[in-house]
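*Asks:* Structure for the following, please:
(chains A and B)
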There are 2 protein chains.
Amino acid sequence: VTETAEWLTFANELADSVKPIVLSYFRRRLSIEHKLDGSPVTEADRAIETKIRNAISQRYPAHGVFGEEYGRTEGASRYTWVIDPIDGTKSFITGVPLFGTLIALLDSDRPILGVIDIPALGERWVASAGEITRFNDIECRSSDCIRLRDAALYATSVDMFEGDDRKRFEAVSRAANMRRFSGDCYAYGLLAAGFIDLVVEADLQPYDFLALVPVVEGAGGVITDWAGNPLGIESDGRVIAAATPALHAEVVSMLARNSHQCAR
Amino acid sequence: VTETAEWLTFANELADSVKPIVLSYFRRRLSIEHKLDGSPVTEADRAIETKIRNAISQRYPAHGVFGEEYGRTEGASRYTWVIDPIDGTKSFITGVPLFGTLIALLDSDRPILGVIDIPALGERWVASAGEITRFNDIECRSSDCIRLRDAALYATSVDMFEGDDRKRFEAVSRAANMRRFSGDCYAYGLLAAGFIDLVVEADLQPYDFLALVPVVEGAGGVITDWAGNPLGIESDGRVIAAATPALHAEVVSMLARNSHQCAR
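*Replies:* Next up is the predicted model:
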């Protein structure tokens, strides 16, 4: 068993172990002060991240951990686990089953393993660098869409784009065949499985997108920031995921043409 | 067994009978010309509606039928079944499991029975006039939210609002505690189950909203057009559903204040 295979098994075990916790909080009445907070922090998030952190520090004491709730703990090695206990909190608190638990493993700043687990649907995407992404244990591939005008585009919400980013998103999304809102991590899973072709988002945190990188790349897609740079912990939170390199290049080029800096 | 109970059993049987058809088309590669059409018409829609129409004409030959695909067939009685085989076609064609089959029964123009079936999730809302709505066979109630500033609001997409409607929607949705896009019929089910508080939409067809009326009302909510009028086949396609009468009144009043006609 290679080290990577061992990490992958461990990541699956992590997702399995927190699934009952996530589901025990789903559609339960949350306390009023958290229920509709702009950035809701629930007991669920904390319970899940604590369980995952404990499991990691027991199994891989030299690895670092970076999680949404409890921040970053440096490790002695170059490996860091990046955790989002519940991605899609707004879906979670409104009873929509499209939220997920995200688990990534970084080798220095490069994501080498990613899990998107959708506990309420029993769906899971698993990927490690150099291997084909698996969706519910079956290898999956992104679509062969190479032109924006043919692409089905998802973004979690128009509300994630501010100012100039909004204009750039409007230009791209209006040129797509179809645009649709909702998604969070689920949209990237849909892309890896070949159901949609493009995701363009902004205002994301590292724990929102690092697990998505191996999933999208392992399915044949391309995922970068809006300038076409690889995603890492220091990325600015703007993300493009595209089914093919050609589609990705078209969107990066269009975002650049529509940026305020270029227009001046 | 009352007539209403018999109709309800029949409506459940209809939903059961088409569920395997819907699921056999879900996440299957659809033919290219339909895949991303603006108003996608799939083999699935037609197969489902045909099956439902045949079952109705056999069981209730005097009842009319009005469906998305094959239009309106008048009946000899005052009862009309209204069918949307797949509500949320964009979800359906992009692999998102939040689409539903909608079945309503009208007594003249008044919806007296409604079913929202979400086949890919195994979830169903069932309602008939005068009874409490059932979600997965358990009675459900809308939330006790009485103020827009506390409300979680859903709409399927910002793209459903044109011109003046867009401004009116922006005014209302910006005043809500939270706004979120996606949903189709699922949003009304979430409202009936108490998970969200408000849905404001436009550009809907009668088969999109008539089944929702008994579901929302039977859970204690209020559902009308934007002017506060009851929904019927001739409604203009603008819909508000609110968890409580107070919340409904606040939104109707705000939509009226922000309408172009009033502003002049």
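*Asks:* How much space separates A:Arg179 from chain B?
*Replies:* To chain B, A:Arg179 is 7 Å away according to Cβ to the nearest Cβ, to the nearest Å. Backbone N, C-alpha and C define where each C-beta goes, glycine included.
*Asks:* same question, A:Ala62
*Replies:* For A:Ala62 relative to chain B (Cβ to the nearest Cβ), the value is 39 Å.
*Asks:* That residue touches A:Glu74, doesn't it?
*Replies:* No: assessed by Cβ atoms under 8 Å, A:Ala62 is found out of contact with A:Glu74, at 10.5 Å.
*Asks:* May I have the residues that are in contact with the nearest residue to A:Asp117 once chain neighbours are set aside?
*Replies:* Once flanking residues are discounted, A:Asp117 sits nearest to A:Ala15: 4.1 Å by Cβ to Cβ, 6 or more residues apart in numbering or on different chains. Counting by Cβ atoms under 8 Å, 6 or more residues apart in numbering or on different chains, A:Ala15 makes contact with A:101, A:103, A:115, A:117, A:119, A:124.
*Asks:* out of everything not next to it in sequence, what's closest to A:Ser108?
*Replies:* A:Arg78 (4.9 Å).
*Asks:* Please verify my assumption that the one you found contacts A:Leu105.
*Replies:* No: with contact defined as Cβ under 8 Å, A:Arg78 does not reach A:Leu105; the gap is 10.8 Å.
*Asks:* These two: which has the busier surroundings?
*Replies:* Taking neighbours as other Cβ atoms under 10 Å in any protein chain shown, A:Arg78 and A:Leu105 compare with A:Leu105 leading, 27 against 13.
*Asks:* any idea what sits nearest that one, other than its immediate chain neighbours?
*Replies:* Closest residue to A:Leu105 apart from its sequence neighbours, by Cβ to Cβ, 6+ apart: A:Leu113 at 4.0 Å.
*Asks:* Phi, psi for the one you found please.
*Replies:* Here is the backbone geometry of A:Leu113 (degrees, to the nearest 10): phi -150, psi 140.
*Asks:* So it sits against A:Leu8, correct?
*Replies:* Yes: assessed by Cβ under 8 Å, A:Leu113 is found in contact with A:Leu8 at 6.2 Å.
*Asks:* On the three-state scheme, A:Ala76 is what?
*Replies:* Classification of A:Ala76 by DSSP: H, G, I helix; E, B strand; the rest coil places it in coil.
*Asks:* Excluding chain neighbours, what is closest to it?
*Replies:* Spatial nearest neighbour of A:Ala76, excluding adjacent residues (Cβ to Cβ, 6+ apart): A:Ala62 at 4.4 Å.
*Asks:* How much space separates A:Ile116 from chain B?
*Replies:* Using Cβ to the nearest Cβ, one gets 14 Å for the distance from A:Ile116 to chain B.
*Asks:* ugh, typo on my part, it should be A:Ile240
*Replies:* Distance, A:Ile240 to chain B, by Cβ to the nearest Cβ: 18 Å.
*Asks:* Could you do A:Ser57 as well?
*Replies:* Per Cβ to the nearest Cβ, A:Ser57 is found 35 Å from chain B.
*Asks:* again with A:Gly220
*Replies:* Taking Cβ to the nearest Cβ as the measure, A:Gly220 falls 16 Å from chain B.
*Asks:* The closest residue to that residue other than its chain neighbours: how many residues sit nearby?
*Replies:* Ranked by Cβ to Cβ, 6+ apart and with sequence neighbours excluded, the top spatial neighbour of A:Gly220 is A:Ser142, at 4.7 Å. A:Ser142: 26 surrounding residues under other Cβ under 10 Å.
*Asks:* what distance separates stretch A:224-244 from the centre of its chain?
*Replies:* Relative to its chain's centre, stretch A:224-244 lies at 11 Å (Cα atoms, centre = their mean, to the nearest Å).
*Asks:* just stretch A:101-117 next, same as before
*Replies:* Distance of stretch A:101-117 from the chain centroid (Cα atoms, centre = their mean) equals 9 Å.
*Asks:* Quick check: buried residues in it?
*Replies:* Neighbour counts over stretch A:101-117 (16 or more other Cβ atoms under 10 Å in any protein chain shown) mark A:101-106, A:111-117 as buried.
*Asks:* want to try JSON lines for those, with pLDDT and secondary structure as columns?
*Replies:* Shown next, in JSON lines, are the buried residues of stretch A:101-117 (pLDDT from 0 to 100; DSSP: H, G, I helix; E, B strand; the rest coil):
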{"residue": "A:Thr101", "pLDDT": "98", "secondary structure": "strand"}
{"residue": "A:Leu102", "pLDDT": "98", "secondary structure": "strand"}
{"residue": "A:Ile103", "pLDDT": "98", "secondary structure": "strand"}
{"residue": "A:Ala104", "pLDDT": "98", "secondary structure": "strand"}
{"residue": "A:Leu105", "pLDDT": "98", "secondary structure": "strand"}
{"residue": "A:Leu106", "pLDDT": "97", "secondary structure": "strand"}
{"residue": "A:Pro111", "pLDDT": "97", "secondary structure": "strand"}
{"residue": "A:Ile112", "pLDDT": "97", "secondary structure": "strand"}
{"residue": "A:Leu113", "pLDDT": "98", "secondary structure": "strand"}
{"residue": "A:Gly114", "pLDDT": "98", "secondary structure": "strand"}
{"residue": "A:Val115", "pLDDT": "98", "secondary structure": "strand"}
{"residue": "A:Ile116", "pLDDT": "98", "secondary structure": "strand"}
{"residue": "A:Asp117", "pLDDT": "98", "secondary structure": "strand"}
